[in-house]
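Colleague: sharing a model prediction with you, sequence too.
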Amino acid sequence: MAVRMSGVERRAQVLKFAADEFAAHGLHGASTETIARSAGITQAYIFRMFGTKKALFLELVGAAFARLTDAMVTAADDQTGLHALALMGGQYYDLLTDRTQLLLQLQGLAACGDVEVRDAVRASFAAMWDAVAQATGLDPVTVKSFLAFGMLLNAGAALDVEDLADDWARGVRTRINTGLFEHITTDTNR
């Protein structure tokens with residue numbers, strides 16, 4: 001016997017199955033048929049809820065970026081400067097353990113050949129940049145360095161380097177500590 005769910009519960013369920021599917025296969029490789037089957041619904045119901053496969057993908061990618069951005073801002077609390085950046089970095093590092101959310105972000109970046117996806121991911125990335133810059137009060141070069149470091153951490157997490165003993169893997173896993181960006185500023189990058 002099928003479990004009755006409210007519309008909100010069903011939507012959350014579909015988003016969970018869709019997140020797993022899109023994280024694993026990307027925008028073009030993901031199957032709405034697989035998502036529907038996992039949720040015990042029809043593909044038509046998915047399209048009634050989300051409109052298009054791309055709209056569902058964009059909702060998930062946007063949510064993955066927003067979750068990360070919100071968590072970093074929350075971690076910074078009322079701190080500013082490099083200390084806030086270190087707190088944000090620690091939170092960022094901890095969130096890398098959520099492989100589905102990590103891969104959704106990376107799949108979003110990989111699908112930027114599509115103009116609509118590019119514009120949506122660009123807006124999400126801009127929101128992350130603005131949140132880090134505003135919360136820390138730091139200059140653009142330091143914010144850029146922090147986010148670049150984060151992208152390297154993303155690559156390491158996607159490559160599953162956590163358990164590798166190689167020197168390069170240990171280097172990729174380096175955490176973001178308070179003093180890491182002290183020497184990187186607009187003034188030193190002329």
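Modeller: Received, thanks.
Colleague: can you give me the helices in the chain?
Modeller: Counting by DSSP state H, the chain has helices at residues 7-29, 32-39, 43-50, 53-76, 81-95, 99-110, 115-136, 140-158, 167-172.
Colleague: quick one, the fifth one and helix 140-158 angle?
Modeller: Using axes from the mean of the first three to the mean of the last three CA atoms, to 10 degrees, the interaxial angle of helix 81-95 with respect to helix 140-158 works out to 20 degrees.
Colleague: name the residues of helix 81-95 that come out as buried.
Modeller: Buried positions in helix 81-95, judged by neighbour count with 16 or more other CB atoms under 10 Å: Leu82, Ala84, Leu85, Ala86, Leu87, Met88, Gly89, Gly90, Gln91, Tyr92, Tyr93, Leu95. (Each C-beta comes from the backbone N, C-alpha and C, glycine too.)
Colleague: just checking, what packs against that helix?
Modeller: Secondary-structure packing of helix 81-95 (3 or more CB pairs under 8 Å, 6 or more residues apart in numbering; DSSP states H and E): helix 53-76, helix 115-136, helix 140-158.
Colleague: buried set for the second one?
Modeller: For helix 115-136, the buried set under the neighbour-count rule, 16+ other CB under 10 Å, comprises Val117, Ala120, Val121, Ser124, Phe125, Met128, Trp129, Ala131, Val132, Ala133, Ala135, Thr136.
Colleague: what's the mean pLDDT across that helix?
Modeller: Here helix 115-136 scores 98 as its mean pLDDT.
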